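Participant: Kindly return the folded structure for what I paste below:
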Amino acid sequence: MTNNISYEWCAEFVDEYDDIQETDSSTNKADIWPPKFEVENCKARLSCARILGDDVNGIQERGYAYAGDETFSTGQKVPPQIKKQLQAAKKIKESI
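Facilitator: A predicted model of the protein is given here:
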């Protein structure tokens with residue numbers, strides 16, 4: 001079976017130590033960003049997960065990218081449209 005690539009958007013709520021305390025995720029960015037809720041003493045940031053896998057073997061690899069990243073944490077290049085959306089989300093959050 002051929003592995004498929006899919007993408008998932010994630011609103012991460014991080015504390016002062018940059019530890020993730022809560023997440024909200026969806027394949028549709030508009031469902032989770034701008035964030036639909038707040039977490040006390042945390043700031044929100046958007047990430048995009050690149051997921052490689054199939055129905056038989058499940059998820060084989062999951063890599064994350066944030067605004068300003070050129071590659072996912074697993075080494076693959078971040079597509080231009082995803083880079084653009086991550087950067088736009090960062091600008092929206094900074095203006096709130």
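
Participant: where are the low-confidence patches of this structure?
Facilitator: Confidence mapping of the chain against pLDDT under 70 gives the ranges 92-96.

Participant: quick one: the strands in it?
Facilitator: In the chain, the strands defined using DSSP state E lie at 4-14, 20-26, 43-54, 58-65.

Participant: Go through these and name the closest to A89.
Facilitator: Judged by CB to CB, the one of the strands of the chain that comes nearest to A89 is strand 43-54, at 4.2 Å. C-betas here are computed from N, CA, C, even on glycine.

Participant: quick one: contacts of that closest one?
Facilitator: Strand 43-54 is contacted by residues 1-14, 25, 29, 33, 35, 38, 59-67, 72, 74, 76, 78, 82, 85-86, 89-90, 93 when judged by CB atoms under 8 Å, 6 or more residues apart in numbering.

Participant: and the closest residue to G75 other than its chain neighbours, bridged to which residues?
Facilitator: Here the nearest residue to G75 in space, its sequence neighbours aside, is G63; by CB to CB, 6 or more residues apart in numbering that works out to 7.3 Å. In this entry, G63 is beta-bridged to R50, by DSSP bridges.

Participant: ok, G63 to W33 distance?
Facilitator: 19 Å (CB to CB, to the nearest Å).
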